[in-house]
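*Asks:* Next comes the sequence, and after it the predicted model I'd like to discuss.
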Amino acid sequence: MNLFSDIRTLVLSTLDALVADGFLPQGLNQDAITVEPPRDPSHGDMATNAAMVLAKPAGMKPREIADKLAEKLGEDPRITRVDVAGPGFLNLRLDASVWQGLVGAVLAQGTEYGRGDLGAGKRVNVEYVSANPTGPLHVGHTRGAVFGDALASLLDFAGFDVTREYYINDGGAQVDVLARSVYNRYLEAHDLSVDWPEGTYPGDYLIDVGEALKTKVGDAYIGQDESVWLEDVRNFATDEMMKLIRADLASLGVEMDVFYSEKSLYGTGKIEAAIEDLKSKGLIYEGVLEPPKGKLPEDWEPREQTLFKSTAHGDDVDRPVMKSDGGWTYFAPDIAYHYDKVQRGFDMLIDVFGADHGGYVKRMKAAVSALSGGTVSLDIKLTQLVKLFQNGKEFKMSKRAGTFVTLRDVVDQVGADVTRFVMLTRKNDAMLDFDFAKVLEQSRENPVFYVQYAHARVNSVMRKAAEAGVATDDATLQAADLGLLDHEAELKLAAKLAEWPRMVETAARSNEPHRIAFYLYELAGDFHGLWNRGNDVSSLRFLQDDPATSQAKIALARATAIVIASGLGILGVTPAEEMR
């Protein structure tokens, strides 16, 4: 049940009737007509822009359409009042029975309430984390992991067929650096002294890997030339790091459907096939790029190169895919990887990158547009940095120095639920401050606590009702006399529940799971507000002397808990049964 969608359907059918009556002309496009909460709640329960949208194509004044539409909408029993505001916006007031009935609908549908069909089964690939396998995941990766995982769950809830994917960057020079660093730890495991050249990874996290390599090969690689051991150690180290990364993700509640190796693109013809596809479309040529203004990009060379005509698909400049020495640029395997995604039949692609990858957005969108002939969309979401604070001081991170804060450090200190929720309390492209003390505070200023406390309070009411002998199963609550929910604070809470399906659709359309966290905070606020008013107005308390009245009020509380649990499920957070 989507009440906003239902009222929009009413608006559209009323407009159709006005067309049939000859009041409005035929062939008007209704796609831009919306029904949504008004910016000022005092103006009504819902607002529609129908008259404003149709005025120009209909050749009429907005007010003329609004007055007629208001008259017709007012005939529907669900609507008690229609006001025309400004030049032609319509503000609607709904009958209390609508909100009361919605409580019953939530109880009937349970956590399926709000699940939508926006996706219509379309296949979407969400690629996230995709960290270099050179060490444990740090707090920056944590934000990308949480954002990507919540986005995937949101899209699934909105009706998409979602694949969660991790791209293993195991084909570049950084993996050779990892191998040399592990080799050093291997030598140390044999009590040999080593030097740590600039650019290697001296972090303690590789000590166990060096020991494991010693267990595997003994002293076979001691004193051997790099050509003897590099490939084997590279593969061994990558596998060990990916085991660590998988364990880190599991501690956060993240499970991938696919781990895709960059290395699998080399020597298999996949890069060549992708470039050949672009060549067949006239998008690959030999040329020399003009020197860019300002700072020179790493992939620019003042000589003839093999170029992708990415400007034909919206990029600022064409991009090199092969260097003058015949080697592939960094961009070439990225093209091949996304070509593989297109060939796997996805309708939509979403890449979650760190903010430092902003320069890749236009070129990757151009590549996917070219490879798919414009049939597959690519949305790239950038996650900004996370600043960690403890005791009022900011942490500083350095992977190569081995002094960075890992994902596991954060989870071990505050828990996966707190970590995930806090990471979604800001839009993905906004900087986020993570204060270890504040995220564990039990106050309204801590959104994690505030939302969890609302769910726990409902469970407390349910337990006390059971102790008093009041039946509180969903079927009984659904059959309660919900007409007893007639106070403005109760109807306000029910109206907030009505926004849930619309919020799911809005967040899924924009690929913004943080909207779910914001909504849950607002919903919790309305619930706590009703609870607190019950301290002064006894008739608003959830437990009353009359069991029938108690069941009606508990039905509202239970419906609130269902929506909170559903929203937390999208965020990957376990609802609290009680607060400790």
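*Replies:* Alright, I've got the coordinates.
*Asks:* Next up, identify which helix or strand the residue nearest the centre of the chain is on.
*Replies:* Nearest residue to the geometric centre of the chain (C-alpha atoms, centre = their mean): Leu151, 2.5 Å. Here Leu151, judged by DSSP states H and E, is contained in helix 139-157.
*Asks:* okay, that helix in PDB with CA atoms only?
*Replies:* Listed next in PDB are the C-alpha coordinates belonging to helix 139-157 (Å, rounded to 0.1, in the frame of the first residue of the first chain):
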ATOM      1  CA  VAL A 139      37.700   3.300   7.900                       C
ATOM      2  CA  GLY A 140      37.500   4.900   4.400                       C
ATOM      3  CA  HIS A 141      36.700   1.500   2.900                       C
ATOM      4  CA  THR A 142      34.100   1.100   5.700                       C
ATOM      5  CA  ARG A 143      32.000   3.900   4.500                       C
ATOM      6  CA  GLY A 144      32.100   2.700   0.900                       C
ATOM      7  CA  ALA A 145      31.200  -0.800   2.100                       C
ATOM      8  CA  VAL A 146      28.200   0.400   4.200                       C
ATOM      9  CA  PHE A 147      27.000   2.800   1.600                       C
ATOM     10  CA  GLY A 148      27.200   0.200  -1.200                       C
ATOM     11  CA  ASP A 149      25.600  -2.600   0.800                       C
ATOM     12  CA  ALA A 150      22.700  -0.400   2.000                       C
ATOM     13  CA  LEU A 151      22.200   0.800  -1.500                       C
ATOM     14  CA  ALA A 152      22.000  -2.700  -2.800                       C
ATOM     15  CA  SER A 153      19.500  -3.600  -0.100                       C
ATOM     16  CA  LEU A 154      17.400  -0.500  -0.900                       C
ATOM     17  CA  LEU A 155      17.300  -1.400  -4.600                       C
ATOM     18  CA  ASP A 156      16.300  -5.000  -3.800                       C
ATOM     19  CA  PHE A 157      13.500  -3.600  -1.600                       C
END
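*Asks:* If you count neighbours, what's buried in whichever helix or strand comes after that helix?
*Replies:* Sequence-wise, the next helix or strand downstream of helix 139-157 (DSSP H and E) is strand 161-168. Of all the residues in strand 161-168, those buried under the rule 16 or more other C-beta atoms under 10 Å are Val162, Thr163, Arg164, Glu165, Tyr166, Tyr167, Ile168. C-beta: built from backbone N, CA, C; applies to glycine.
*Asks:* And those residues, which is closest to Arg420?
*Replies:* The nearest member of these to Arg420, counting by C-beta to C-beta, is Arg164 at 14.9 Å.
*Asks:* mind listing what that closest one touches?
*Replies:* Applying C-beta atoms under 8 Å, 6 or more residues apart in numbering to Arg164 gives the contacts Val126, Tyr128, Gly148, Asp149, Ala152, Glu255, Met256, Asp257, Val258.
*Asks:* residue boundaries of the helices in the stretch 351-500 of the chain?
*Replies:* For the stretch 351-500 of the chain, the helices defined by DSSP state H, counting those that start in this stretch cover 361-372, 407-414, 416-423, 447-467, 474-478, 488-498, 500-510.
*Asks:* ok now the second one, how far from the chain's centre?
*Replies:* Spelled out, that is helix 407-414. 21 Å (C-alpha atoms, centre = their mean, to the nearest Å).
*Asks:* Could you name the helices and strands sitting against it?
*Replies:* Helix 407-414 sits against helix 139-157, helix 226-251, helix 416-423, with contacts defined as 3 or more C-beta pairs under 8 Å, 6 or more residues apart in numbering; DSSP states H and E.
*Asks:* what is the rounded mean pLDDT of the longest one?
*Replies:* This points to helix 226-251. Across helix 226-251, the average pLDDT comes to 96.
*Asks:* For that helix, buried residues please.
*Replies:* For helix 226-251, the neighbour count (16+ other C-beta under 10 Å) marks 229-230, 233-234, 236-238, 240-242, 244-245, 248-249, 251 as buried.
*Asks:* So which bits of the helix or strand just after that helix are buried?
*Replies:* Tracing the chain past helix 226-251, the next element assigned as helix or strand by DSSP H and E is strand 258-261. Within strand 258-261, the residues that qualify as buried are Tyr260, Ser261, counting by 16+ other C-beta under 10 Å.
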